[in-house]
Each structure stands twice: as structure tokens, then as C-alpha cells.
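Peer 1: Quick one: sequence plus predicted model below, questions after.
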Amino acid sequence: MKRTSILFAFLCAAAGVAQAQDTTQAPAQAQPAASTEQPAPIVPGSAQPGPAAEKLIVIDTKIGKGAEANVGNTVYMHYTGWLYRPLAKNHHGRQFDSSIPRGEPLDFQIGTGRVIKGWDQGIVGMKVGGKRTLIIPADMAYGPKAQPGIPANSALIFDVELMDVK
């Protein structure tokens, strides 16, 4: 016999002995029957919510050189939004909206609640010309209220670019 065959036979025998010892011991308490239900797999880009993002995550992908956005400023932003899917490429699930094809940036005053909380907090400190990725947990997005193309309790991911501050 080769060494690998002997080693394999030894490991199998050892596993059999360990299994036999486990079955001879009485269980301390009755174990509940294992559930046969399997959780639904996460399909990147699907409409089903993925695992929740725990907190707002702000990732600067390009630092701007212009005016800085602060609470009370009106900002002009280009954005693209996706469902957050941790297992998808760059965490981007299905895209649900974008200002880019429309050619007009979104404008809003920071801190007035006109946009979701994740935006009101995630845009502060950006400079004109800057780009960020915002990973927004459901409670800082739309929470339990579904939106067109966005299921209830969905974490979202936005790529944003600050075009102007006034």
C-alpha cells in the first residue's frame, strides 16, 4: 500500500471510532428537528433585498477641488442608484435610477429632508468635482416603505458626483 492509502485508511478508521463514540452518549436534551427550509439564495441584481448594510458607508472615489458642500447649501448632483447586493460585483445590484441619461443633475438643499437621510449625511464635506459611493442602510433610505423598483427594507448604493454648490 502507498503512504496516502494507509493515511486515508487510518483517517477513515479514526472517524468511524469517533462517530461510534458520539452515538453511544445519551443526549443531554432532545434537539429540535432541523428545519428543512433553506434560505432563498441571494441573486445579484434581483429585486429581493440582500443582507442589510449596517451603517452609512462613504467612499471617496475622487476628491474634488471646488467649493465644499455643507448643511444648508443647495447642491447639484449627478447620481446612479442600485440595490445594494454584497455578493454582486462592486456590491451593485439592479440599477433603479440615474440622473445621467436625463442630463440634468438633481438639486436639493442639504439637511432639509428633501432626500433620504443617507444622502443628507453622505454628501456633507464633498467638494465640487468629487465623486463618492454611498452605501446606505435601509433605515437611512426608504425603510419599510417600498418605492418603484426598490423593495421594502432595501439597502441602497449610489455613485454620486458633486457638480455645483450654492
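Peer 2: Arrived safely, thanks for sending. Numbering: from 1, shown residues only.
Peer 1: going forward, measure contacts between C-alpha atoms and count neighbours the same way
Peer 2: Fine.
Peer 1: Sheet-wise, list the partners of the helix or strand harbouring residue 95 with their directions.
Peer 2: Secondary structure assignment for residue 95, by DSSP states H and E: strand 92-98. Here strand 92-98 is paired, per DSSP bridges, with strand 74-84 (antiparallel).
Peer 1: Now the strand holding residue 95: average pLDDT?
Peer 2: In this model, strand 92-98 has a mean pLDDT of 96.
Peer 1: helix or strand right after that strand?
Peer 2: strand 106-109.
Peer 1: give me the number of residues near residue 75?
Peer 2: Applying other C-alpha atoms under 10 Å, we find 24 other residues in the vicinity of residue 75.
Peer 1: Not counting sequence-adjacent ones, nearest residue to it?
Peer 2: Nearest non-adjacent residue to residue 75, counting by C-alpha to C-alpha, 6 or more residues apart in numbering: residue 165, 4.6 Å away.
Peer 1: Name all residues that make contact with that neighbour.
Peer 2: 67, 68, 69, 73, 74, 75, 76, 128 (C-alpha atoms under 8 Å, 6 or more residues apart in numbering).
Peer 1: Most neighbours among those, which one is it?
Peer 2: Of those, with other C-alpha under 10 Å as the count, residue 75 tops at 24 neighbours.
Peer 1: Correct me if wrong: that residue contacts residue 111.
Peer 2: No. Assessed by C-alpha atoms under 8 Å, residue 75 is found out of contact with residue 111, at 11.0 Å.
Peer 1: still on that earlier bit, quick one: the residue nearest to residue 75 from residue 59, how far?
Peer 2: 20 Å (C-alpha to C-alpha, to the nearest Å).
Peer 1: now the end-to-end length of stretch 106-125.
Peer 2: Using C-alpha to C-alpha, the two ends of stretch 106-125 sit 18 Å apart.
Peer 1: what about the chain, any weak spots by pLDDT?
Peer 2: Counting by pLDDT under 70, the chain has low-confidence residues at 1-52.
Peer 1: what's the neighbour count on residue 104?
Peer 2: Around residue 104 there are 11 residues (other C-alpha under 10 Å).
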